[in-house]
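> coordinates for the following, if possible.
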Amino acid sequence: MNEYTKNVLIAAGLSMLVIGGWDYFYAFPKLDQQQKEAQLAQHQKPGAPQKPVADKAAPAARQAQPQSVAAAKPVAKTREAALAESKRVAIDTPSISGSISLKGGRIDDVSLKNYHETVDPKSPIIVLLSPENAPHPYYAESGFLASDKDQAPPALPNGESLWSADHDQLSVSQPLTLTFDNGQGLVFKRKIAVDDQYMFSVTDSVENHGQGSVTLYPYLRVSRIGALESAGYAALHEGFVGVLGEAGLQELKFEKVEKEPHATKSFEATGGWLGFTEKYWAAVLVPQQDRSLVARFSASGAGTTKAYQADTVEAPLTIAPGASGSVASRIFAGAKVVDTLDAYEGQGIKLFDRLIDWGWFYFLTRPMFRIIDGLFHVLGNFGLAILAVTVLVKIAFLPIANKSYHAIAKMKEVQPKLQALKEKYADDKQKLAQEQMALYKSEKINPAGGCLPALLQIPVWFSLYKVLVITIEMRHAPFYGWIKDLSAPDPTNIFNLFGLIPFDPTQIPVFGPFLWLGVLPILMGVSMWATMKMNPEPTDEVQKIAFGWMPVIFTFSMGGFASGLIIYWTWNNILSVTQQGFIMRRAGVKFELWDNVKKTFSFLKKPA
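Coordinates of the predicted model:
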């Protein structure tokens, strides 16, 4: 086996071990825990809000903070029952349906019309936000707070306040205005508009009809009870997210925030955005971009069900008698569609596309998505786009690969001389190394020449992996035949005879996650085995055994990966065999594939 192939396999193997290890020791146990929590949450609800004590060392903007969500308390209410508890204003747009609760004036009922739970178009649509006392509370709200140093704070609307509405429906063409009179001279109004995608525009205002000035702090918050139902990918961030001033992009796991002092992580910024992100969905607060604020990620409660909150408190507004004050903000609740997020970024929301976890190789992952998406619009199928982009990557690396294989050919030519040196200086390792380097220099050979293509391709492979895992455009995207969703594993499985036996081997404890072994993973394993048979077997017995088992290990460890990634890997292997065979023949080096395959199956021949 040549150095190039070794380097590719070692690099890929280490990557898969890291990802597989994460899935086995963290992701899969996490998923099991979340399933148990979800079952328990069916009988729980949030309790009464609590107001934390102000931080005396904080600036004025932190003298008031939004109420924190308390831990859940047992109840038995369905989502439908929770929705029926209060009067509501319906939401109806091309992208979302739901309602706004007049109790609290919250955006707490949002479903995504264009996305279903499964590939079946008749399956239920995705439910994103739910009311406070539903099985999975998740909601957003805005308003005003009084300073905790105010001796006689005015009565402010809260989660129990009943608002009046000027319309019975919110649509793209018809905004909604909610009104609340505190009976003490302050009239609060909340104008809510929505676009044809997933962005709500909220303007909170207060009219002071009293005798004295009032100082209020505008706030935004998005809250949820219970952890996210994680997709379980090592290369995917799910949890708190935001872009906040000098701190820049923040991606924090729930567990990390829970370990902070008082389970709170705070930032001072001007503008920015923050909220929760999942694999495909997000709920994000976008305060007025020219106002200073304090942003927080916080956790509360204990046990199997906890409460999490992202909130902002802006600099105070002082409203004189007879005057009014207002603040504008936006709330995003929807699908993380790349073009949609880019359009919002163009509207002044800095780095809003980072709501998608493009990863360290952002400069490669984003262009990779654009190439695949562009090919999709030409070819009409994301599977074909993956095949096409693999060819383009191969063409891009062809000059480097050509030099690499020529370097390998030269290495093969000097193998007899290297073997002679090893025998001559078997007892003097230092002298052997010196003589080998002298031989490489005289023959103009770079022994590391085969490493460069492997090293350069690793970020490209990883960027494609990220695109397949993180982008919603790949969700439920069909290929051909039995592959109905390129973002999901191959649904067939050899362990139940490809569906003939009514048995799901992936549900077996401990080993189940490694038993995703459908048609595509098997084809991938065969293609990987073929790439390894293109070169002579290692002379070292340990290496020979390790590389002999590697296709089997990869086949089992990658069986549960997205079908799109398996298609890419298989097609890449086939192109590699073709490419290497062509280049090696031109370089005058023997094409070892067929001889090695025959040697592998030589045990089947009958003895003479």
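> how confident was the prediction at I483?
Reading off the per-residue confidence, I483 sits at a pLDDT of 92.
> isn't it right up against F382?
No. Contact status for I483 versus F382: not in contact, 10.5 Å apart, counting by Cβ atoms under 8 Å. Quick note: C-beta positions are derived from backbone N, CA and C, even for glycine.
> so I566, which of the three states?
helix (DSSP: H, G, I helix; E, B strand; the rest coil).
> contacts only, for it.
Counting by Cβ atoms under 8 Å, 6 or more residues apart in numbering, I566 touches D490, L520, P521, M524, M558.
> what distance do you get for the nearest residue to it once chain neighbours are set aside to Q211?
Nearest non-adjacent residue to I566, counting by Cβ to Cβ, 6 or more residues apart in numbering: L520, 4.5 Å away. As judged by Cβ to Cβ, to the nearest Å, L520 and Q211 stand 74 Å apart.
> assign the residue nearest to I566 to helix, strand or coil.
Assignment for L520 (three-state DSSP): helix.
> mind checking which helix or strand of the chain has the lowest mean pLDDT?
Taking mean pLDDT, DSSP states H and E as the measure, the chain has strand 44-46 as its least confident helix or strand, at a mean of 36.
> E141 touches I100, doesn't it?
No. Here E141 lies out of contact with I100, judged by Cβ under 8 Å, at a distance of 10.0 Å.
> list residues touching both of these two?
With Cβ under 8 Å, 6+ apart applied, the overlap between the contact sets of E141 and I100 consists of R106, I107, D108.
> beta partners of the first one?
Listed beta-bridge partners, R106: S101 (assigned using DSSP bridges).
> now do the contacts for it.
Applying Cβ under 8 Å, 6+ apart, we find R106 in contact with I100, P131, E132, Y139, A140, E141, G159.
> where's the third one relative to L398, distance?
Put plainly, it is E132. 59 Å.
> quick one, which of these two is more surrounded?
Set E132 next to L398 and count neighbours by other Cβ atoms under 10 Å: E132 wins out with 24 against 13.
> confirm the more buried one sits in a helix?
No. Remark: E132 does not belong to a helix; assigned using three-state DSSP, it is coil.
> right, and it touches A82 too?
Yes. In this structure E132 lies within contact range of A82 using Cβ under 8 Å: 7.5 Å.
> now do the shared contacts for those two.
With Cβ under 8 Å, 6+ apart applied, the contact sets of E132 and A82 do not overlap.
> next SSE after the helix or strand hosting L293?
Counting by DSSP states H and E, the element that carries L293 is strand 292-300. Read in the C-terminal direction, the helix or strand following strand 292-300 is strand 307-314, with elements assigned using DSSP H and E.
> so what strands line up beside that next one?
strand 214-225 (antiparallel), strand 292-300 (antiparallel).
> now it, how far from the chain's geometric center?
Here strand 307-314 shows a centroid-to-chain-centroid distance of 22 Å under the convention Cα atoms, centre = their mean, to the nearest Å.
> hmm, back to that, tell me the most buried of the strands paired with strand 307-314?
Comparing the strands paired with strand 307-314 by mean neighbour count (mean count of other Cβ atoms under 10 Å), strand 214-225 ranks first with a mean of 25.
> can I get that one in PDB, CA atoms only?
As requested, C-alpha coordinates have been extracted for strand 214-225 and formatted as PDB (Å, rounded to 0.1, in the frame of the first residue of the first chain):
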ATOM      1  CA  VAL A 214     -41.600  56.900  34.400                       C
ATOM      2  CA  THR A 215     -38.400  55.000  33.500                       C
ATOM      3  CA  LEU A 216     -38.800  51.600  32.000                       C
ATOM      4  CA  TYR A 217     -36.400  49.000  30.600                       C
ATOM      5  CA  PRO A 218     -37.400  47.300  27.300                       C
ATOM      6  CA  TYR A 219     -36.800  43.500  27.300                       C
ATOM      7  CA  LEU A 220     -37.000  40.500  25.100                       C
ATOM      8  CA  ARG A 221     -36.900  36.900  26.100                       C
ATOM      9  CA  VAL A 222     -37.400  33.400  24.600                       C
ATOM     10  CA  SER A 223     -37.900  30.600  27.000                       C
ATOM     11  CA  ARG A 224     -38.200  26.800  26.900                       C
ATOM     12  CA  ILE A 225     -38.800  24.000  29.300                       C
END
